[in-house]
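Pasting a predicted model and its sequence here:
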Amino acid sequence: MQQMMQHFCDWLAATAISQAFANTGWFVPTVQTVHILSIAIVVTTVGMLDFRLLHLTHKGPPLPDLARSFLPWTWRALWVLLLTGTLLTITEPSRELMNYSFWIKMSMVVTLVVLTLLFQGPLRRNPGYWNASGHRRLLGGALATGSLLLCICIVFAGRLIAYT
């Protein structure tokens, strides 16, 4: 499997688009900047919702209003991350696709997306869902804790890609 992935990376790196991206001096820093800013948006918006779900913050709009304001930013930033991440992978395929830190990061991103959907779905149907009972508050707190830990680990794994 690793050999097949290496062949794919070699093929992708030899394509005209990969060569064009890699040989344009401003391309990688620009795309990385947009990628990092998008990470900041996701971590900030998800973090604010998680803090509210954990009842660590009490001032400001109620959770449903906060979610209505922040989640569109989260989803847009995730789409930008998908685009910029794809561009970076096309530019340096072996750096990404042959790196275990990359694959760990991607699985954590998928898990974070699932947790965000698990948070958002019930809230859309019933704005008071996460405060309706002690069980739901506990479940929401567990979801928020997992989400916060994933955000931290995703950032850490992303940094590890450069060093592994």
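Ah, there it is. Given the structure is predicted, the values throughout are model-derived calculations rather than measurements. Numbering: from 1, shown residues only.

Can you pull out the low-pLDDT segments for the chain?
Under the criterion pLDDT under 70, no range of the chain is flagged.

So for it, the centremost residue is which one?
V109 (4.8 Å; C-alpha atoms, centre = their mean).

so what's that one up against?
Remark: with contacts taken as C-beta atoms under 8 Å, 6 or more residues apart in numbering, V109 is in contact with L81, I154. (Glycine included, C-beta is placed from N, CA and C.)

For it, give its distance to A132.
30 Å (C-beta to C-beta, to the nearest Å).

what comes up buried for whatever helix or strand V110 lives in?
Using DSSP states H and E, V110 sits within helix 100-125. Across helix 100-125, burial judged by 16 or more other C-beta atoms under 10 Å covers 101-102, 104-105, 108-109, 112, 115-116, 119-120, 122-123.

Which of the residues you listed sits closest to V155?
Closest to V155 out of these is K105 (9.0 Å), distances taken as C-beta to C-beta.

Count the residues that sit near E96.
20 (other C-beta atoms under 10 Å).

is it true that it touches L87?
No - contact between E96 and L87 fails when scored by C-beta atoms under 8 Å: they sit 10.9 Å apart.

give the contact list for the closest residue to L139 other than its chain neighbours.
The shortest distance from L139 to any non-neighbouring residue, by C-beta to C-beta, 6 or more residues apart in numbering, is to W130 (8.0 Å). Contacts here follow C-beta under 8 Å, 6+ apart; on that basis W130 touches L53, L63, F119, P122, L123, R136, R137, L139, G140.

try it again with 10 Å
Residues near W130 by C-beta atoms under 10 Å, 6 or more residues apart in numbering: 52-53, 63-64, 67, 119, 122-123, 136-137, 139-141, 143-144.

For N23, give me phi and psi.
Main-chain dihedrals, N23, degrees, to the nearest 10: phi -90, psi 0.
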